[in-house]
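J.: Provided below are the primary sequence and the corresponding predicted coordinates.
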Amino acid sequence: MGEFMPDIIRTDDAQDFADTAARLIWARITSIKNPLITFPTGKTPLDIYSRLLRDHGGDKAVWEKVRYLALDEYVGLPEGDERLFAQWLGRELLDRAGVPASNRMVFNSLAADPAQEAKRMEQWIAANGPIDIAILGLGENGHIGFNEPGSAFDSVTRQIALSPETREANARYWGSLDKVPEQAFTLGLKTLSSARHVFLLVSGAHKAAALEATLHGPLTPDVPATVLRTLPNVTIIADKAALGLK
Ligand code: F6R
């Protein structure tokens, strides 16, 4: 397997991180006509989304052309549930930016046949892709999307059991662990690897070990983000704390 060194953009503090990421992401969005983009949920991108809205929220002509592709989603939540990632991204970015509902390809959390639902997503991407910009966060356990440790580099979109650490990490948003579903959908590592460009966003000292393993550890499904080193088109935007620097 070929190995590449991702482009690493080192930023200072949380503010510089958010400013820099928003600038680079916007530059890429505006360089593509109808960009197909995955946006992550979670804490890492929150300030980035605020800045995109603050600085470019009025640029409706651009947002109207953005095509949003769900990166991952909980399984089994009813339509409209505030925990749904599709809802979360709507609140934090897409509704406010004006990305049309008809431009959003999301998982049906309540699909009767999850395997079929995952297949539907793969087929949709095959017909409408490639993904132009895969924007990803990094889990403390090295996951990207919800490709938990053990995910094969050639995995495709599927249902996956969330690890206890991931459920714990996400419980802070919803108050208690029992509010976090046990199963999720995720685009696979192979699916994400087919993107034209990947941004990995990493902020905070609690991510330092995972980022170190991503950059310098063995290429292994135990640290799913190491798959990014097999790709030639990855930009990692990280702050000093995540890079283990003072
Ligand atoms: C969320 C997702 C996850 C998060 C990761 C980091 O849609 O795909 O991989 O990006 O768990 O989450 P935060 O930013 O909350 O630390």
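T.: Happy to help now that I have it. Here the structure is a predicted model, which is why all the values come from computation and not from measurement.
J.: now check stretch 137-145, is it near the ligand?
T.: Yes - using Cβ under 6 Å from any ligand atom, stretch 137-145 reaches the ligand at G137, L138, G139, H143, I144, G145. Quick note: C-beta positions are derived from backbone N, CA and C, even for glycine.
J.: just flag the most distant two among the residues you listed.
T.: L138 and G145 (10.5 Å; Cβ to Cβ).
J.: thinking again about what came up before, with respect to the ligand, which of the residues of stretch 137-145 next to the ligand is nearest?
T.: Set against the ligand, the nearest of the residues of stretch 137-145 next to the ligand by Cβ to the nearest ligand atom is G137 (2.3 Å).
J.: so the closest one sits right up against G42, yeah?
T.: Yes - using Cβ atoms under 8 Å, G137 makes contact with G42 at a distance of 5.0 Å.
J.: what segments of this protein are helices?
T.: For the chain, helices defined by DSSP state H occupy the ranges 14-29, 46-56, 60-63, 85-89, 95-97, 114-128, 164-174, 189-193, 208-216.
J.: winner for burial among the ones you listed?
T.: When the helices of the chain are scored by mean count of other Cβ atoms under 10 Å, the highest mean neighbour count falls to helix 189-193 (a mean of 22).
J.: quick one on the thing from earlier: would CSV of the helices of the chain with distance to D239 and mean pLDDT be doable?
T.: Below are the helices of the chain laid out as CSV (distance: least, Cβ to Cβ, whole Å; pLDDT from 0 to 100):
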stretch, distance to D239, mean pLDDT
helix 14-29, 4, 98
helix 46-56, 11, 98
helix 60-63, 27, 98
helix 85-89, 23, 98
helix 95-97, 24, 98
helix 114-128, 31, 98
helix 164-174, 18, 94
helix 189-193, 23, 98
helix 208-216, 10, 98
